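A.B. asks: Need coordinates for the following:
(one chain, ligands or ions: 2)
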Amino acid sequence: MSEITLGIIGGGQLGSMLAIAAKKLNVKTVVFCDDIDAPAQNFCNQFVTGSYDNKEKISEFINQVDLVTYEFENIPYETLNEINKFKPVLPKPSVNRLIQHRLAEKDFVNKLNIRTTRYVSIEKKSDIDALEDFLPGILKTTTLGYDGKGQYPIKSSEDLNSLNIDFSKGYILEKLVKLKKEISIIITRFSNNKYEIYEPIENTHEDQILKYSKIPAEINKKIFNQSKDWAMLIAEELKYVGTLCVEFFIDRNDNLYVNEIAPRVHNSGHLTINAFNVSQFENHIRAVCGLEQIPLKKISNAKMMNLLGDQITHYRNMQKFNENEFFFDYLKKDIKEKRKMGHITTLV
Ligand code: ADP
Ligand code: MG
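C.D. replies: Ligands and ions are numbered 1, 2, ... in the order given. Below you'll find the model as predicted:
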């Protein structure tokens, strides 16, 4: 029986699912979150609340754990780096710093000869005037974006006048890809050349928010292999430990692009809980805690639907689900429009 206590920064649904997976492996968990209502407190052994730069609260947290991981990437680098002086942080803080910055992330991916969308750094409004080539495009904040937040579709440079954009933050302008499909690869790296990699997952977004995921993805063999190869190359290059997700675009000519990397477990991998012998969450815990690696086996094809905002209510009121349906309620205190409240996975 393991005697490990794992610290998890972030207490949303991903933190909850990590804590549930840890419990199954007899790993104790302490969740640290800036939200006093964080849902993961329902599933962990200890809960500490405080802002992500509160030194006192952070030392209270690290005193209780053997090592630390995180459920989201927007944690100040200084915080992770400071924690790492006392207890190991996995994935490494430097990985998080690289990936939380869209420009640095895309430069890194391109250096590996992996295709990304075309992009350019934007520091002031007039930078866009000379960039007709990148239009239509999407202007994105270089840091702190998620679920389409901090993103502005731009058709022409005039569009900027109607948008009230705060140029004290850094931006990246990305050429719009004519999307045929989006897929993701979830991979857990244990150590040099030791991986568990899930098959490509096909994702459908609505208003830039993930709505549906399914396996198998309806893609050709070339994209199937290339997406896996690229995810492995990225994980290896980062010397990554834990579960990582690579999001991809496929354009109408069947070209594959890396959209972004998430240095963590990912929403598109929720279906791995029911569709595989080992979920992305369990694999993450196994990798960061140095537990046994178990060969991945698929149990079933599956589809997952995110329940956003008040879509959860109908499911909360359901008395009974079919045997092949698995409903997850994240137990978030308030229902907010477009907030991820739960999901339902159906084995098919
Ligand atoms: P987030 O960090 O919010 O997940 P993404 O960059 O992944 O941001 O964008 C969210 C979604 O918006 C993507 O999954 C895709 O559907 C759409 N999108 C973003 N950038 C582009 C692009 N350059 N071309 C086409 N669609 C895009
Ligand atoms: Mg994304």
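A.B. asks: Now G7. Nearest residue, chain neighbours left out?
C.D. replies: Leaving aside its chain neighbours, G7 sits nearest to V65 (3.5 Å; criterion: CB to CB, 6 or more residues apart in numbering). (Each C-beta comes from the backbone N, C-alpha and C, glycine too.)
A.B. asks: How many residues are close by the one you found?
C.D. replies: The tally of other residues near V65 (other CB atoms under 10 Å) stands at 23.
A.B. asks: S59 now?
C.D. replies: Neighbours of S59 using other CB under 10 Å come to 13.
A.B. asks: I'd like to know how far it sits from ligand 1.
C.D. replies: 31 Å (CB to the nearest ligand atom, to the nearest Å).
A.B. asks: swap in C33?
C.D. replies: From C33 to ligand 1 the distance is 20 Å (CB to the nearest ligand atom).
A.B. asks: Next: S168.
C.D. replies: 20 Å.
A.B. asks: just checking, I114 touches I234?
C.D. replies: Yes. Using CB atoms under 8 Å, I114 makes contact with I234 at a distance of 7.3 Å.
A.B. asks: Show me what the longest helix along the chain is packed against.
C.D. replies: When the chain is parsed with DSSP state H, its longest helix is helix 221-237. Helices and strands touching helix 221-237, by 3 or more CB pairs under 8 Å, 6 or more residues apart in numbering; DSSP states H and E, are strand 179-191, strand 194-197, strand 242-251, strand 256-262.
A.B. asks: since we're on D334, how many residues are nearby?
C.D. replies: 7.
A.B. asks: Spatially nearest residue to it (excluding sequence neighbours)?
C.D. replies: D37 (7.9 Å).
A.B. asks: Make sure that neighbour is indeed in a strand.
C.D. replies: No. Per DSSP: H, G, I helix; E, B strand; the rest coil, D37 lies outside any strand segment and is coil.
A.B. asks: Which residues are in contact with it?
C.D. replies: K332, K333, D334 (CB atoms under 8 Å, 6 or more residues apart in numbering).
A.B. asks: before we move on, what about M305?
C.D. replies: Contacts of M305 by CB under 8 Å, 6+ apart are K211, Y212, H343, I344, T346.
A.B. asks: quick revisit: now list whatever residues contact both of I114 and I234.
C.D. replies: V258.
A.B. asks: average pLDDT across stretch 284-302?
C.D. replies: When pLDDT is averaged along stretch 284-302, the result is 97.
A.B. asks: Just the C-alphas of it, formatted as PDB.
C.D. replies: Extracted in PDB, the C-alpha atoms of stretch 284-302 (Å, rounded to 0.1, in the frame of the first residue of the first chain):
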ATOM      1  CA  HIS A 284      -1.400  10.800 -14.300                       C
ATOM      2  CA  ILE A 285      -1.300   9.700 -10.600                       C
ATOM      3  CA  ARG A 286       0.700   6.600 -11.500                       C
ATOM      4  CA  ALA A 287       3.300   8.600 -13.500                       C
ATOM      5  CA  VAL A 288       3.800  11.400 -11.000                       C
ATOM      6  CA  CYS A 289       3.900   9.200  -8.000                       C
ATOM      7  CA  GLY A 290       6.200   6.600  -9.700                       C
ATOM      8  CA  LEU A 291       3.700   3.800  -9.400                       C
ATOM      9  CA  GLU A 292       3.400   0.800 -11.700                       C
ATOM     10  CA  GLN A 293       2.700   1.400 -15.400                       C
ATOM     11  CA  ILE A 294      -0.200  -0.800 -16.700                       C
ATOM     12  CA  PRO A 295      -0.600  -1.500 -20.400                       C
ATOM     13  CA  LEU A 296      -3.600   0.400 -21.700                       C
ATOM     14  CA  LYS A 297      -6.600  -1.600 -23.000                       C
ATOM     15  CA  LYS A 298      -9.700  -0.200 -24.600                       C
ATOM     16  CA  ILE A 299     -12.900  -1.500 -23.100                       C
ATOM     17  CA  SER A 300     -15.400   0.200 -25.500                       C
ATOM     18  CA  ASN A 301     -16.000   2.900 -28.000                       C
ATOM     19  CA  ALA A 302     -17.500   5.900 -26.300                       C
END
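A.B. asks: List of residues touching it?
C.D. replies: 2, 4, 6, 18, 21-22, 25, 27, 67, 69, 90, 188-190, 194, 196-199, 214-216, 241-243, 264-265, 271, 274-278, 283, 324, 345-348.
A.B. asks: Flag every buried residue along that stretch.
C.D. replies: Buried residues in stretch 284-302, defined by neighbour count with 16 or more other CB atoms under 10 Å: H284, I285, R286, A287, V288, C289, L291, Q293, L296, A302.
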